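Novice: Here is my input; please provide its structure:
(chains A, B and C)
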Amino acid sequence: MSHRSATPASTPQADLKGLSASTAPVWREELRRLSPLFILLGAILLIAPLGMMGDIVLERRVTLALVNLVAVVGLYIFMGNSGILTFSAVGFMAIGAYVSALTTLNPMLKQTFLPNLPDWLNALQISPLAGTLAAGCVAAAVAAVVGWPLMRLSGIAAAIATLSLLIIAYIGLGNWTSVTGGQTSLMGLNTWVKLWPAAIWACVAVTIAFVYQETRWALALRATREDEVAARASALLPVPLRLIAFVISAFVSGMAGALYGHFLGTLRVETFYLDSTFLFLTMLVVGGQRSLTGAVVGTFAISLLAELLRLLEVGIPMGPVALSAPAGLGDVVLAGVMLAILVFRPQGITGGREVIWPRRHAPTPKQKEETQ
Amino acid sequence: MGYVVQVIVDALSLGGLYALTALGIGLIFSVMRLANFAHAEFITCAAYALFALSGHPLVMAVSAAVLVAVALAVLTERVAFRPLRAADQATMLIASFAVSVLIQKLLIFAVGSRAKPLDPLPVLAETLNVGGVQIGLLKIVTIVTCAILLLALLFLLKRTRLGLQMRAAAEDFTMSRLVGVRADVVIAVAFVVSGVLAAAVAILYAAQTGFVQPRLGVQIVIIAFVATVIGGLGNLWGVVAGGLLVGMASSFLQAFLPADLRPFREAILFLAVILVVLFRPNGLFPARGLKERV
Amino acid sequence: MTQAELRVRDLTVRYGKVVALRHVAMHIDPGEIVSIIGPNGAGKTTLLSAIAGLVPATVGEITYEQQSLLGAPLERTVRCGIAMVPEGRHVFAGLTVLENLQLGATIRNDASAVEAEIEEYFDQFPILGERRHGHAGLLSGGEQQMLVIVRALLAQPRLLMLDEPSLGLAPRVTEQIYDIIRRVRDDGVTVLVVEQNAGRALAASDRTYVISGGEIRLTGPSTELEKHPGFEAAYFGLGEGVIE
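Specialist: Down below sits the predicted model:
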């Protein structure tokens, strides 16, 4: 039952409290259990309309934030539950982006940009929805194959191996000219990812992550995160548990990549490399890498900060003069924020907790502790 | 025959640069278990210092490059890594990634992201004719410089008290502090040395490529990282061997791989990294009496 | 009573929510051999670690020669005159025997005197001398224990602390190690030794503290403690008492 809180040190107590407090009707407890999902979906659906309250630039910005949210949730599913740093999520995004592009692009355009494409792939054209799902599935399949040997690694070894995966994906896609176009951009993608489709996909991603983290596989995985030796002793095998998370994580990352491509309309391999890896890691770490709430809060907080900095760079009209910051400041500030969070609040803004509907009964000692 | 000699010289000079870079990273990993991405920016900033003083006498430009790299190394240690010394390795890794991005973006902010031509060592542009084989003087100087720096480091580690303390700290940090080794001093010295190595790499690499740009260091460090892992993180002699091996592998693959596979040669290196991490976590050249590092 | 060399007052140490030591008080006078005994998990190692600065004290004070030891960086312990030999023979395995000993003298600046001293130890312990250029990791367990004790002595400490020096050693080797400890004391060094082997510790020490469940249960001169009716109960965490 530790899904109520991502502070598993208090798991046994939380369990007992859960039992003793269950004098409330079962359905109400059940509803409370699901409340983080409803609150997060509500937050997404409240934030999305903000994109319609300004110009087209604002709408694009909010849409991008929602697409980024899908990517960060993809990263979170593995990192948050397993506690293992991974760099490969953006690589799975790249795979998803190209799968969706190649399966949905107009055959005429494919003929022009990628003359050496195999005939069957050239002729293929499926719907955007099918393309996005295909992106997720292919990324998940690749993750299942490469993840199988890698999942016994943890700590810095896992970080090194997944970084190598990212680099291999980058080099591979960037030089597989007949299929990806290599260093040249792939253009003409259907840009169907507008504000509302992005919001819906963000809700889908958050729901997948939440449903997964409520399963007993995820619970067991979080147990291995806290103490691998003890978890092994209680017959929890980290490798298959991690692999499940890795595959689901890659599925969501693959979809995020597809959304990215259809948001931008143009694909470049460069888009899916260290810079975006850093951006998504920052969003997750700033929010709090150990909760889904952290992923959502971090994405919106960093997006908001980036937007404010962008406005500052454009210039704020102050009477006759415009107060403006030099271009490039935004990137510097983001990296600075990331570093400050790591040094001063390594558990992120949320401290690794989920938002949850408060009980109407007298607060339990544990909740008191949380509010301290 | 001449072609083979040229390839070997290329491989050695490239391998030497990777070895120096990998050593800079490995040295810091060995004393504080930090895989330092920001080493890339020590190199880049040193190259820009060289660029800024390119009209001035070489001695001045080189000293400035060394000074900048060392100052940056010491500063990042003090500001970012010291507060995180007790944190887990993954957190430190993310932090070094953040420091790396921060400095890189600051650099782009200050000088722009376009590549700028730079030829710090024009006197070395000549080629030598050795027994009928044309060899660039720069390549020879690179190899010699790398060898001298490796020997100097060997002397520091093996023949001085400070070096002994660094080796002790690398092996058992807590125990070394219990016998009185000052943690701050050893770590600061490791950063200073890594700064010096970064500056040397910056000068030699800029001379070979002929330009500077904000991602110059990242390109080298990504590959040197391979060398650090293959050689065994924290195992300094293994790291040097790893650097030479990677430089040679890269050069030989470039020279002898079929043309349409050549662009993928770095992917092969990273595949090797994954295999090493999986099957030989202490690297290909594990030291005696070494505990599991990774 | 003379001023105690080391004094621990009201020391409490917590690891997260687990209390490892609870209001512990103890002292050591100059020139004594004091032993701390108790079962596994009693808090013996924690007590030694807290004195050495390896773990932070939650509450309490530790003073050595009237100076507080709390909150100082780890590398200051040996500079105060306290040398620690932690449990498990922490030799620098990849370094040579000679280098290990040189590291013992890290805080000293009299290089030639150190060199002479190392030579004397090599004469005293010929096995170390023979292996001086060999890796310390290749020594046997007893030789490694010898090496870490000599390494600690090279800092010229006034207090030597040893954590389970006999752990995993053959009885004959343990005998040798305790011989060394007695000689160290005869040279005027105060010794604090933690032992699980109660008989061994009582025989070797002047005074003993019995610690169990994070608290000091019994203390007194070692010879009398042995015969004390409550000794076994104290060892297993029952009762409390002081023999004066």
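
Novice: Where do the strands of the chain begin and end?
Specialist: Unless you meant another one, I'm taking chain A. All strands of chain A, identified by DSSP state E, fall at A:186-187, A:266-267, A:316-318, A:321-323.

Novice: Can you look at chain C instead?
Specialist: Taking DSSP E to define them, one finds strands in chain C at C:6-15, C:18-28, C:33-37, C:59-64, C:67-68, C:82-85, C:159-163, C:190-195, C:207-212, C:215-221, C:241-242.

Novice: Reformat those strands as CSV; add distance to chain B and mean neighbour count.
Specialist: The way it works is simple: take the backbone N, C-alpha and C, and place the C-beta from them, glycine included. Shown next, in CSV, are those (distance: least, Cβ to the nearest Cβ, whole Å; neighbours: other Cβ atoms under 10 Å in any protein chain shown):
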stretch, distance to chain B, mean neighbour count
strand C:6-15, 15, 18
strand C:18-28, 18, 18
strand C:33-37, 19, 25
strand C:59-64, 15, 17
strand C:67-68, 17, 10
strand C:82-85, 5, 26
strand C:159-163, 10, 24
strand C:190-195, 15, 24
strand C:207-212, 22, 26
strand C:215-221, 25, 20
strand C:241-242, 32, 12
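
Novice: Turn those into CSV, including mean pLDDT.
Specialist: Formatted as CSV, the strands of chain C follow (pLDDT from 0 to 100):
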stretch, mean pLDDT
strand C:6-15, 93
strand C:18-28, 93
strand C:33-37, 95
strand C:59-64, 92
strand C:67-68, 90
strand C:82-85, 95
strand C:159-163, 95
strand C:190-195, 94
strand C:207-212, 92
strand C:215-221, 91
strand C:241-242, 63
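
Novice: Of all those, which one comes closest to B:Met92?
Specialist: For B:Met92, the closest of these is strand C:6-15, at 22.6 Å, according to Cβ to Cβ.

Novice: Now do the closest one: everything it contacts.
Specialist: Strand C:6-15 is contacted by residues C:19-28, C:43, C:46-47, C:50-51, C:55-64, C:82, C:159, C:190, C:192 when judged by Cβ atoms under 8 Å, 6 or more residues apart in numbering or on different chains.

Novice: Could you rerun that using 6 Å?
Specialist: Applying Cβ atoms under 6 Å, 6 or more residues apart in numbering or on different chains, the contact partners of strand C:6-15 are C:20-28, C:46, C:50, C:55, C:57-64.

Novice: again, but for stretch A:196-216
Specialist: Here stretch A:196-216 makes contact (Cβ under 6 Å, 6+ apart) with A:3, A:37, A:40-41, A:44, A:48, A:63, A:66-67, A:69-70, A:73, A:77, A:218, A:248, A:252, A:259, A:292.

Novice: switch the cut-off to 8 Å
Specialist: Applying Cβ under 8 Å, 6+ apart, the contact partners of stretch A:196-216 are A:3, A:33, A:36-37, A:40-41, A:44-45, A:48, A:63, A:66-67, A:69-70, A:73-74, A:76-77, A:80-81, A:132, A:193, A:218, A:245, A:248, A:251-252, A:255-256, A:259, A:263, A:292, A:295-296.

Novice: ok, now which ones touch residue 90?
Specialist: Going with chain A. A:Val90 neighbours (Cβ under 8 Å, 6+ apart): A:Ala71, A:Leu166, A:Ser253, A:Phe272, A:Tyr273, A:Ser276, A:Thr277, A:Phe280.

Novice: looking at chain B here, not the other one
Specialist: A:Ile84, A:Leu85, A:Gly155, A:Ile156, A:Ala159.

Novice: In the longest helix belonging to chain C, which residues are buried?
Specialist: As assigned by DSSP state H, the longest helix anywhere in chain C is helix C:171-186. In terms of neighbour count (16 or more other Cβ atoms under 10 Å in any protein chain shown), helix C:171-186 has its buried residues at C:Val173, C:Thr174, C:Ile177, C:Tyr178, C:Ile180, C:Ile181, C:Val184, C:Arg185.

Novice: Which pLDDT does the model give the residue of chain C found nearest chain A?
Specialist: Here the residue of chain C nearest chain A is C:Gly16; by Cβ to the nearest Cβ that distance is 7.5 Å. Among the per-residue scores, C:Gly16 shows a pLDDT of 81.

Novice: Tell me how many other residues surround it.
Specialist: As a burial measure, C:Gly16 scores 6 neighbours (other Cβ atoms under 10 Å in any protein chain shown).

Novice: do you know how far it is from A:Leu166?
Specialist: According to Cβ to Cβ, to the nearest Å, C:Gly16 stands 36 Å off from A:Leu166.

Novice: tell me the two of the buried residues of helix C:171-186 that are most distant?
Specialist: Using Cβ to Cβ, the buried residues of helix C:171-186 span at most 19.4 Å, a distance reached by C:Val173 and C:Arg185.

Novice: Which residues lie in contact with the residue nearest to C:Leu167 when sequence neighbours are not counted in this structure?
Specialist: For C:Leu167, ignoring the flanking residues on the chain, the nearest one in space by Cβ to Cβ, 6 or more residues apart in numbering or on different chains is C:Glu87 at 6.5 Å. Going by Cβ under 8 Å, 6+ apart, C:Glu87 touches C:Thr45, C:Asp163, C:Glu164, C:Leu167, C:Val194.

Novice: now the residues you listed as TSV including distance to B:Ile140?
Specialist: Formatted as TSV, the contacts of C:Glu87 follow (distance: Cβ to Cβ, whole Å):
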residue	distance to B:Ile140
C:Thr45	58
C:Asp163	56
C:Glu164	58
C:Leu167	57
C:Val194	60
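
Novice: just to revisit the earlier point, in CSV, list the strands of chain C along with distance to B:Phe51.
Specialist: Converted to CSV, these look like this (distance: least, Cβ to Cβ, whole Å):
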stretch, distance to B:Phe51
strand C:6-15, 53
strand C:18-28, 57
strand C:33-37, 63
strand C:59-64, 55
strand C:67-68, 53
strand C:82-85, 51
strand C:159-163, 56
strand C:190-195, 60
strand C:207-212, 65
strand C:215-221, 67
strand C:241-242, 75
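
Novice: What distance do you get for the residue positioned nearest the centre of chain A to B:Val246?
Specialist: Centroid-nearest residue in chain A: A:Val72, 1.9 Å away (criterion: Cα atoms, centre = their mean). As judged by Cβ to Cβ, A:Val72 and B:Val246 stand 33 Å apart.

Novice: Equivalent analysis for A:Glu59, please.
Specialist: To B:Val246, A:Glu59 is 47 Å away according to Cβ to Cβ.

Novice: what's the answer for B:Arg265, then?
Specialist: Per Cβ to Cβ, B:Arg265 is found 11 Å from B:Val246.

Novice: more neighbours, those two?
Specialist: Comparing B:Arg265 with B:Val246 by neighbour count (other Cβ under 10 Å), the higher total belongs to B:Val246, at 29 against 17.

Novice: can I assume the more buried one sits in a helix?
Specialist: Yes - B:Val246 forms part of a helix when assessed by DSSP: H, G, I helix; E, B strand; the rest coil.

Novice: Would you quantify the distance from A:Gln125 to B:Ser251?
Specialist: 44 Å.

Novice: Which residues of chain B lie near chain C?
Specialist: Within chain B, the positions near chain C by Cβ under 8 Å from any Cβ of the partner chain are B:161, B:164-165, B:167-168, B:171-172, B:174-183, B:287-290.

Novice: That concludes my questions; thank you for your assistance.
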